[in-house]
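Colleague: The following comprises the amino acid sequence and a computationally predicted model.
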Amino acid sequence: MTDLAQVSLPGVPDKRQVAASFSRAAASYDSVAALQRTVADTLLAQLPTDLRPQRWLDLGCGTGYCTRALAQRYGAGQGLAVDLAEGMLRHARPLGGAAHFIAGDAERLPLATGSCDLLVSSLALQWCGDFARVLAEARRVLRPGGVLAFSSLCVGTLQELQASWQAVDGHVHVNRFRALSTYQQLCADSGMRVRALQVQPQVLHYPDVRSLTGELKALGAHNLNPGRPGGLTGRERIRALLAAYEGFRQPQGLPATYQVVYAVLHKEF
């Protein structure tokens with residue numbers, strides 16, 4: 001079995017800080033969330049076609065895009081939407097899609113054992129420090145025969161921004177993510193059968209660095225790591241960052257790579 005002490009993500013942000021950041025971003029999130037919608041659509045396309053869940057759960061529902069897509073497919077009457085950020089729930093609730101919108105933590109779900117047939121989570125679980133605990137909670141709340149489908153981010157995400165900052169100073173400026181091998185190991189040890197697990201890179205392009213960092217802030221996904229530099233970033237360092245990132249420029253603009261992990265797991269018993 002896996003030594004959990006060796007696979008928990010080091011230096012993860014405080015959950016209260018994550019919740020507060022995404023709550024503040026609720027109003028601006030949808031205006032810059034094209035990637036998030038694409039990833040959600042790709043994840044939903046991987047669900048088993050014969051799946052007919054009586055009760056489904058959107059974990060880390062955000063503004064509810066995936067919630068409403070699940071409702072269109074399976075009906076909203078038995079749907080549950082859970083998020084750590086109260087601000088996201090306040091935004092999503094009036095838009096509908098689920099019977100209940102619940103504040104909750106993926107590492108300690110406020111749901112009864114064996115209460116769901118399908119658990120979907122798109123681009124939320126990368127913020128959880130103990131991913132083994134997340135998988136254990138998913139297995140607990142799923143009924144036998146239930147399905148867990150998630151998308152997340154792994155090492156290599158925002159690699160251009162990280163490399164550019166490394167050329168400037170040694171501080172943590174980019175959120176840390178798990179290695180793909182860690183996702184593979186933890187899913188294999190979860191007690192569920194892994195039906196699919198792969199990584200697909202998505203590359204976005206921006207006219208300049210400020211467009212990228214502004215989008216990250218609007219999403220609530222700007223640098224939340226412990227150890228990040230405090231206070232204002234000096235002008236000289238900003239100029240050095242811009243110069244370093246220019247080395248990555250392509251004809252379409254400055255690239256920002258997201259390494260997206262997609263997984264579908266089956267609870268057999």
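Modeller: Received, thanks. Numbering: from 1, shown residues only.
Colleague: Quick check: closest non-adjacent residue to residue 204.
Modeller: Once flanking residues are discounted, residue 204 sits nearest to residue 256: 4.9 Å by Cβ to Cβ, 6 or more residues apart in numbering. (Each C-beta comes from the backbone N, C-alpha and C, glycine too.)
Colleague: strands paired with the helix or strand that contains the one you found, and their directions?
Modeller: Here residue 256 sits within strand 254-266, counting by DSSP states H and E. Paired strands of strand 254-266, with direction, are strand 142-153 (antiparallel), strand 193-206 (antiparallel) (DSSP bridges).
Colleague: quick one: the last one to chain centroid distance?
Modeller: Between the mean C-alpha point of strand 193-206 and the mean C-alpha point of its chain there is a distance of 12 Å (Cα atoms, centre = their mean, to the nearest Å).
Colleague: got a list of contacts for stretch 17-29?
Modeller: By Cβ atoms under 8 Å, 6 or more residues apart in numbering, the surrounding residues in contact with stretch 17-29 are 62-63, 83-88, 90-91, 127, 217-222, 224.
Colleague: Now intersect these with the helices, please.
Modeller: Among the contacts of stretch 17-29, the members found in helices (DSSP state H) are 86-88, 90-91, 217-219.
Colleague: Report the buried members of these.
Modeller: Buried members of the ones in helices among the contacts of stretch 17-29, scored by 16 or more other Cβ atoms under 10 Å, are 87-88, 91, 217-219.
Colleague: circling back: how far away is the residue nearest to residue 204 from residue 237?
Modeller: The spacing between residue 256 and residue 237, counted by Cβ to Cβ, to the nearest Å, is 19 Å.
Colleague: Widest-spaced pair of the buried ones among the ones in helices among the contacts of stretch 17-29?
Modeller: 91 and 217 (16.9 Å; Cβ to Cβ).
Colleague: Residue 256 and residue 237: who's more crowded?
Modeller: More neighbours surround residue 256 than the other of residue 256 and residue 237, with 24 against 16 (other Cβ atoms under 10 Å).
Colleague: distance of that one from residue 122?
Modeller: For residue 256 relative to residue 122 (Cβ to Cβ), the value is 19 Å.
Colleague: Please apply the same query to residue 70.
Modeller: According to Cβ to Cβ, residue 70 stands 10 Å off from residue 122.
Colleague: buried set for the helix or strand hosting residue 20?
Modeller: Assigned by DSSP H and E, residue 20 falls within helix 15-24. Residues 15, 18-23 are the ones in helix 15-24 that count as buried (16+ other Cβ under 10 Å).
Colleague: quick one: that helix to chain centroid distance?
Modeller: With Cα atoms, centre = their mean, you get 14 Å for helix 15-24.
Colleague: what element comes up after it heading to the C-terminus?
Modeller: helix 26-29.
Colleague: Mind listing what's buried along that following helix?
Modeller: Buried residues in helix 26-29, defined by neighbour count with 16+ other Cβ under 10 Å: 26, 29.
Colleague: now the next helix or strand after that helix against strand 254-266, angle please.
Modeller: As assigned by DSSP H and E, the chain's next helix or strand after helix 26-29 is helix 34-44. Helix 34-44 and strand 254-266 meet at an angle of 30 degrees, taking axes from the mean of the first three to the mean of the last three Cα atoms, to 10 degrees as the criterion.
Colleague: what's in contact with helix 34-44?
Modeller: Helix 34-44 is contacted from outside by 62, 65-66, 69-70, 73, 120, 122-123, 149-151, 200, 202, 204, 219, 258, 260, 262, using Cβ under 8 Å, 6+ apart.
Colleague: Filter those down to the buried ones.
Modeller: Buried among the contacts of helix 34-44 by 16+ other Cβ under 10 Å: 62, 65-66, 69-70, 120, 122-123, 149-151, 204, 219, 258, 260, 262.
Colleague: Give the next helix or strand downstream of the helix or strand where residue 211 lies.
Modeller: Secondary structure from DSSP H and E places residue 211 in helix 209-219. Counting by DSSP H and E, the next helix or strand C-terminal to helix 209-219 is helix 235-246.
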